[in-house]
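K.L.:
I would like to see how this sequence folds:
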Amino acid sequence: QDVDALICLGVFSAFGQAIAEALRIPILHVEPTPLLPTRAFPAPSWPIQRDLGGLHNYLSGVAMLQVVWLWYRPFVNEFRQKLGLSPYSAARFYRALRSTPMLGAYSPSLIPHPADWPDSVHVTGNFFLDTQADWQPSPELQAFLAAGDPPVYIGFGSMAGRNPEQLARLILEALAKSGQRGLLLTGWGGMRVQDVPDSVFVVDAAPHHWLFPRMAAVVHHGGAGTTAEGLRAGAPTVIVPFVFDQPFWGARVNALRLGPKPIPQKQLTADRLAHAIRIAVTDAGMQQRARSFGAAMRAENGIDNAVQVVERYFGVPGPGESGLEP
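P.N.:
Numbering: from 1, shown residues only. Now for the predicted structure:
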């Protein structure tokens with residue numbers, strides 16, 4: 001209750017808006033994945049990620065916002081009632097979302113500011129936080145990387161599916177068919193790997209910012225953060241989307257020819273994955289585009305850009321006042 005301003009994740013914007021309204025303080029939203037409808041591309045989480053034209057793209061965004069609103073309308077309006085505020089309608093929710101300053105925490109190289117978005121939306125670049133800067137690989141991992149050509153990274157985070165053992169066997173078969181060395185990161189999903197050949201190394205965890213620049217290509221589920229890390233590293237990217245916004249990122253990567261066509265998890269086979277890996281590691285044009293794109297992303301500084309926008313809207317703290325630090 002004593003804060004001067006509020007920064008809220010975009011998907012929770014209606015709750016943040018209620019708090020800001022009740023306290024009469026300014027608010028700014030942050031979105032790691034585009035939230036506002038646009039004619040430029042289909043909405044993330046929309047089932048059709050092909051560009052079927054501006055009207056289709058825009059209506060997909062309206063439809064997805066309507067789904068979000070219908071899901072949490074009763075919770076939002078109950079919350080607003082407790083704060084002594086009038087209820088929100090769908091139209092009021094959309095107007096508030098569109099009129100509130102917003103930080104798009106993704107690369108303008110990947111998603112340039114659409115012409116039909118308001119100027120209050122600022123595409124700043126990703127908020128990379130390179131924690132574990134002093135992380136050191138094990139001697140075994142160092143030896144594996146030094147023993148041959150750069151391997152292909154494969155990891156799906158928490159998205160191991162219902163049969164982690166089967167997924168692991170499929171990955172090993174795909175690597176064998178592609179003729180590539182591989183580095184498997186088992187991740188939160190607990191992908192279980194057995195009988196691993198010498199051409200494959202398995203790790204439980206490793207920071208992406210260290211690992212990805214040393215890979216020939218990266219294969220993953222297409223989460224917003226993992227996609228950004230792979231592109232920043234300059235690695236050709238193969239995305240196997242499972243749910244939510246992952247098909248969107250796969251479509252964006254493929255549209256810029258930074259990776260082959262994404263393979264939906266339900267359509268994943270060893271042959272399809274092997275084919276995608278071969279494209280990623282042998283297509284010279286794709287490799288060059290990935291390197292150039294990575295250099296462009298590394299030149300962005302999303303955190304500094306975001307801080308500048310925050311200061312523009314909220315002001316710079318004076319002496320003795322608490323404030324945001326980059």
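K.L.:
I figured Tyr94 was touching Leu65, is that so?
P.N.:
Yes: using Cβ atoms under 8 Å, Tyr94 is in contact with Leu65, at 6.3 Å. In this view, the C-beta of every residue, glycine as well, is placed from N, C-alpha and C.
K.L.:
and Thr237, how far is that from Tyr106?
P.N.:
Thr237 sits at a distance of 15 Å from Tyr106 (criterion: Cβ to Cβ, to the nearest Å).
K.L.:
Between the two, point out the one with more neighbours.
P.N.:
Thr237 (31 against 24; other Cβ atoms under 10 Å).
K.L.:
hang on, isn't that one packed against Val253?
P.N.:
Yes: using Cβ under 8 Å, Thr237 makes contact with Val253 at a distance of 5.1 Å.
K.L.:
list residues touching both of these two?
P.N.:
Common neighbours of Thr237 and Val253, counting by Cβ atoms under 8 Å, 6 or more residues apart in numbering, are Thr227, Leu231, Gly259.
K.L.:
Can you point out the helix or strand that includes Gln194?
P.N.:
Secondary structure assignment for Gln194, by DSSP states H and E: no helix or strand.
K.L.:
all strands of the stretch 201-326 of the chain, in order?
P.N.:
217-220, 237-239 (DSSP state E, counting those that start in this stretch).
K.L.:
of the ones you listed, which approaches Thr38 most closely?
P.N.:
With Cβ to Cβ as the measure, strand 237-239 is the member of the strands of the stretch 201-326 of the chain nearest Thr38 (21.3 Å).
K.L.:
neighbouring strands for that closest one, and are they parallel or not?
P.N.:
Within its sheet, and counting by DSSP bridges, strand 237-239 is paired with strand 217-220 (parallel).
K.L.:
Centre of the chain to the strand it pairs with, how far?
P.N.:
How far strand 217-220 lies from its chain's middle: 14 Å, per Cα atoms, centre = their mean, to the nearest Å.
K.L.:
Contacts for that strand next, please.
P.N.:
152-157, 212, 226-227, 230, 233, 235-240, 259, 273, 276-277, 280-281.
K.L.:
Now do that strand, average pLDDT.
P.N.:
Averaging pLDDT along strand 217-220 yields 96.
K.L.:
Likewise for stretch 27-45?
P.N.:
94.
K.L.:
swap in stretch 89-101?
P.N.:
Mean predicted lDDT for stretch 89-101 stands at 90.
K.L.:
now do stretch 59-79
P.N.:
Here the average pLDDT along stretch 59-79 is 93.
K.L.:
neighbouring contacts of it?
P.N.:
Under Cβ under 8 Å, 6+ apart, the answer for stretch 59-79 is 11, 14-15, 18, 35-38, 42-46, 48, 87-88, 90, 93-94, 97.
K.L.:
and what of stretch 7-23?
P.N.:
Here stretch 7-23 has contacts from 1, 3, 6, 26-31, 35, 68-69, 72, 75-76, 79-80, 83-85, 88, 93, 96-97, 100, 102, 310, using Cβ under 8 Å, 6+ apart.
K.L.:
Now with 6 Å, please.
P.N.:
Identification of contacts with stretch 7-23 by Cβ atoms under 6 Å, 6 or more residues apart in numbering yields 6, 27-31, 35, 76, 79-80, 83, 85, 93, 96-97.
K.L.:
I'd like to know which of these is nearest to Ser138.
P.N.:
Using Cβ to Cβ, the contacts of stretch 7-23 come closest to Ser138 at Val30, 35.7 Å.
K.L.:
Check the burial of that closest one by counting its neighbours.
P.N.:
Residues near Val30, counting by other Cβ under 10 Å: 18.
K.L.:
part of a strand, is it?
P.N.:
Yes: assessed by DSSP: H, G, I helix; E, B strand; the rest coil, Val30 belongs to a strand.
K.L.:
So in terms of bridging, what pairs with it?
P.N.:
Bridge pairing for Val30 - DSSP bridges - gives Leu9, Leu103.
K.L.:
so it touches Gly104, yeah?
P.N.:
No: assessed by Cβ atoms under 6 Å, Val30 is found out of contact with Gly104, at 8.4 Å.
K.L.:
In terms of helices and strands, where is Tyr153?
P.N.:
Using DSSP H and E, the element containing Tyr153 is strand 152-155.
K.L.:
in that strand, what's buried?
P.N.:
Buried positions in strand 152-155, judged by neighbour count with 16 or more other Cβ atoms under 10 Å: Val152, Tyr153, Ile154, Gly155.
K.L.:
what pairs with that strand, and is each one parallel or antiparallel?
P.N.:
strand 182-185 (parallel), strand 217-220 (parallel).
K.L.:
tell me the most buried of those?
P.N.:
Counting by mean count of other Cβ atoms under 10 Å, strand 217-220 has the highest mean neighbour count of these, with a mean of 28.
K.L.:
List the single closest residue to Ser109 in space, sequence neighbours excluded.
P.N.:
Ala296 (4.9 Å; Cβ to Cβ, 6 or more residues apart in numbering).
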